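Novice: The amino acid sequence is not available; the structure is as follows:
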């Protein structure tokens, strides 16, 4: 059995000696009489009682400590790394200083976590299996926490026993109370009763702990004096960058932004902009971007805005093309004035193609066009127009060109038409470019749509658009918005090539749509002629009728 247990220990993973390690290879070798003494059988007991008293735990074995002997001897904890132990429980147990087994027993497993449970050693020595598995024993009274000024160790140990806990160990210990349903409320109540100044030197550890950060935020929310705010600020200002990048600490930083004054915010901004690209790197972080956004919301002075803009300018391209950084740029557009962020927009314009052809950058580019004013807006639009040919057939750039068309600025549309001239046929057969051509039909005047249709009709391969996967949508859009001779020309082309279209999937779909559209157009014309009839004089003649109105009337 010794060999089996040794091999099991090796399979269990290195570094889990704190869970399972025997004092020697003979730890589980017992004399035949030992099992009888450990599990005595009485003749006057029932079978159920006999099984209830069974225990496979040696009377001299402990699951606590490295090379541990019987409980009662001094033990020390050792953990070399992460691995898989017998209980499949991943944990990290750091050094907790001196520990006397005569005073307290600690068992760490997936099911149990005991702190200072004086009944635990006796239960283990008695070999009671019920003590290991009983739900009542696993839900002991919460450990009492001590909040003395010189000994704030959160109930894990006391100086009087010779143990010393660092600030980092303190933070990890707070999280362990989360296994109790009432642990968070208990800690919150204890901290609310504790003097804030007794937390000196430990606020950063609390802020970086998943449980401690929530408690600290509640405490910060209720701060009443500027002295207390200044105390918290002085505790965190030296590690403010570390705090902004932490998964829990960034929430404490956001709360700090809400309570600190103008001078303190300026000091924070000076800290995060001290070196080149430091603020940019924070913005690119998934936690740092939230902290920076909260900082931007509470910027109040021109000095603060100038410091931030100057720090962001070198990394504009990286920020606009990053899923985290783009939110910072959008916050600048939202909370700063145009005079402040126009420097950012000039850099965006100079890097128009690189930003507009990016998945995130195309969205930022559209927002920049909407927020820009005056010369800055003109520069942005001109750069987009110059790159329109390459952007129109790009999977992301086409959205930027469409957005420019949707602004319905005549001179901008005319400039785009000149830039895209002789490219409309190829764009109509392109998955992304066809969207741009359709946008011209829907959002521009007929005088702007006419040159596009003429270019398509003059192409010798125009009939290919009728059976093209994307070109057939362009024909539909043109028929929907055009009137007069051009529309009649398109209708004749469709009817002339209908035999070819019936042999093609996309051509058949276009024909079905065309027949319905033509029927609606005929009905619409008939109703307009009947509108002069006396039978429908009660209708509102001043109303502008559409095809939808006709369908509803029919």
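Specialist: Yes, it's here. Values in this document were obtained by computation on a predicted structure and should not be read as measured data.

Novice: neighbours of residue 274, just the number please.
Specialist: 11 (other Cβ atoms under 10 Å). Glycine gets a C-beta too; all of them are placed from N, C-alpha and C.

Novice: Give the next helix or strand downstream of the host helix or strand of residue 218.
Specialist: Following DSSP states H and E, the helix or strand that holds residue 218 is helix 212-221. Where DSSP H and E defines the elements, the next helix or strand beyond helix 212-221 is helix 226-236.

Novice: hmm, back to that, quick one: list the elements packing against the helix holding residue 218.
Specialist: With contacts taken as 3 or more Cβ pairs under 8 Å, 6 or more residues apart in numbering; DSSP states H and E, helix 212-221 sits against helix 167-176, helix 183-193, helix 203-207, helix 249-259.

Novice: pLDDT on it, on average?
Specialist: Averaging pLDDT along helix 212-221 gives 89.

Novice: Next, the buried residues of it.
Specialist: Buried residues in helix 212-221, defined by neighbour count with 16 or more other Cβ atoms under 10 Å: 212, 213, 214, 215, 216, 217, 219, 220.

Novice: Quick check: the farthest pair among the residues you listed?
Specialist: Taking every pair in the buried residues of helix 212-221 and measuring Cβ to Cβ, the maximum separation is 12.0 Å, between 212 and 220.

Novice: Residue 360 reaches residue 327, doesn't it?
Specialist: No. Using Cβ atoms under 8 Å, residue 360 is not in contact with residue 327, being 9.8 Å away.

Novice: so where's this protein shaky on pLDDT?
Specialist: 1-193, 521-554 (pLDDT under 70).

Novice: residue ranges of the strands in it, please?
Specialist: Under the criterion DSSP state E, the chain contains no strands.

Novice: Looking at the buried residues of helix 212-221, which is nearest residue 468?
Specialist: Nearest member of the buried residues of helix 212-221 to residue 468, counting by Cβ to Cβ, is residue 213, at 57.7 Å.

Novice: so who does that closest one touch?
Specialist: Residue 213 sits next to 206, 207, 248, 249, 251, 252 when contact means Cβ atoms under 8 Å, 6 or more residues apart in numbering.

Novice: roughly how far apart are the fifth one and residue 241?
Specialist: Okay, so that is residue 251. Distance check for residue 251 against residue 241: by Cβ to Cβ, to the nearest Å, it reads 16 Å.

Novice: and what of residue 222?
Specialist: On the measure of Cβ to Cβ, residue 222 and residue 241 end up 27 Å apart.

Novice: Who has more neighbours out of the two?
Specialist: Remark: of residue 222 and residue 241, residue 241 carries more neighbours, 20 against 8, as counted by other Cβ under 10 Å.

Novice: Quick one: the helices in the stretch 451-554 of the chain, in order.
Specialist: Along the stretch 451-554 of the chain, the stretches classed as helices by DSSP state H, counting those that start in this stretch are 471-481, 485-496, 498-501, 505-530, 547-553.

Novice: and residue 375, which of these is closest to it?
Specialist: When these are compared by Cβ to Cβ, helix 471-481 sits nearest residue 375, at 33.9 Å.

Novice: For that closest one, list every residue counted as buried.
Specialist: 471, 472, 473, 474, 475, 476, 477, 478, 479, 481.

Novice: JSON lines for the residues you listed, including distance to residue 383?
Specialist: Formatted as JSON lines, these follow (distance: Cβ to Cβ, whole Å):
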{"residue": "471", "distance to residue 383": "29"}
{"residue": "472", "distance to residue 383": "33"}
{"residue": "473", "distance to residue 383": "29"}
{"residue": "474", "distance to residue 383": "27"}
{"residue": "475", "distance to residue 383": "32"}
{"residue": "476", "distance to residue 383": "32"}
{"residue": "477", "distance to residue 383": "27"}
{"residue": "478", "distance to residue 383": "29"}
{"residue": "479", "distance to residue 383": "34"}
{"residue": "481", "distance to residue 383": "29"}
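
Novice: Quick one: neighbours of residue 457, just the number.
Specialist: 13.

Novice: Leaving out the residues flanking it, which one is nearest to it?
Specialist: Closest residue to residue 457 apart from its sequence neighbours, by Cβ to Cβ, 6 or more residues apart in numbering: residue 489 at 6.5 Å.

Novice: Run a quick neighbour tally on that neighbour.
Specialist: 13.

Novice: again with the one 10 residues further on
Specialist: Residue 499: 8 surrounding residues under other Cβ under 10 Å.

Novice: quick one: it and residue 466, what's the gap?
Specialist: 11 Å.

Novice: now do residue 441
Specialist: Separation of residue 441 from residue 466 (Cβ to Cβ) stands at 16 Å.

Novice: could you list every residue that touches residue 345?
Specialist: 368, 371, 372, 376, 379, 380.

Novice: Excluding sequence neighbours, find me the nearest residue to it.
Specialist: residue 376 (5.0 Å).

Novice: list the contacts for that neighbour?
Specialist: 338, 342, 345, 346, 349 are the contacts of residue 376 under Cβ under 8 Å, 6+ apart.

Novice: shouldn't the first one be in contact with residue 373?
Specialist: Meaning residue 338. Yes. The criterion here is Cβ under 8 Å, and residue 338 meets it with residue 373 at 5.1 Å.

Novice: more neighbours, the two?
Specialist: Under the criterion of other Cβ under 10 Å, the comparison of residue 338 against residue 373 puts residue 338 first, with 14 against 11.

Novice: roughly how far apart are that one and residue 364?
Specialist: Counting by Cβ to Cβ, the gap from residue 338 to residue 364 is 16 Å.
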